[in-house]
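Engineer: predicted model and sequence follow; I will ask about them next.
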Amino acid sequence: MLAALTTSAVAAAPALQVTGAWSRPAVAGTNGVGYMTLANHGAVADTLVGVQSPVAGRIEMHASSMSGAVMSMRKEDRVPVPAGGQVVFGPGAHHLMLFGLTRTLKPGDQAPATLTFSSGARLKVAFKVSAGMGPPGAMSEMDHMSH
Ligand SMILES: [Cu+2]
């Protein structure tokens, strides 16, 4: 199985990397969120086009923006990751919405997911569930319930 890890296979793989993937506690049947920093260390731009996870019925990429004092979100079908650049998914910015959680996410849990890119690359990530990280209130759970 490790035969795939040859030098040429590694060189051909897009240099995409996820760090700091985390999620908030949420109860099964409700919606959750996913945050991460997605970096592209390669010389070719790529685009995040989908996310799947066994813990959610459906995952969407969203972008938040402030208009005056009102925060709104819109669905993004594609999130470009420039060559040598990175995209931060965090409260009040790009984020992943986990619709219809199939199980309760408790602090300390890991929620696995697979990111799919327009190049065909796939990246496995594990969102660490944390109650404490990130700026509280930047994007309340109530915003997500209204979806
Ligand atoms: Cu959202």
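Structural biologist: That came through, no problem.

Engineer: which residue ranges of the chain form strands?
Structural biologist: 16-23, 32-40, 46-52, 56-67, 70-76, 79-81, 86-89, 95-101, 110-117, 122-129 (DSSP state E).

Engineer: show me the shaky parts of the chain.
Structural biologist: 1-14, 133-147 (pLDDT under 70).

Engineer: redo that, cut-off 90
Structural biologist: The model of the chain has pLDDT under 90 over residues 1-15, 65-71, 91-93, 131-147.

Engineer: how about the residues of it by the ion?
Structural biologist: Applying CB under 5 Å from the ion, one finds that the chain approaches the ion through His62, Met73, Met97. C-beta coordinates here come from the backbone N, C-alpha and C atoms, glycine included.

Engineer: okay, and the beta partners of the closest residue to the ion within the chain?
Structural biologist: Going by CB to the ion, the ion is nearest to His62 of the chain, at 3.4 Å. His62 has these beta-bridge partners by DSSP bridges: Lys75, His95.

Engineer: same deal with the one 5 residues further on?
Structural biologist: Judged by DSSP bridges, the bridge partners of Ser67 are Val70.

Engineer: numbering from 116 from now on, please.
Structural biologist: Shifting the count to begin at 116 puts that one at Ser182.

Engineer: count the residues that sit near it.
Structural biologist: For Ser182, the count of nearby residues is 7 (other CB atoms under 10 Å).

Engineer: who wins on neighbours among the residues of the chain next to the ion?
Structural biologist: Ranking those using other CB under 10 Å puts His177 first, with 22 neighbours.

Engineer: correct me if wrong: that one contacts Gly207.
Structural biologist: No: using CB atoms under 8 Å, His177 is not in contact with Gly207, being 11.1 Å away.

Engineer: now Gln225: how far from Val203?
Structural biologist: Per CB to CB, to the nearest Å, Gln225 is found 21 Å from Val203.

Engineer: right, I'll leave it there.
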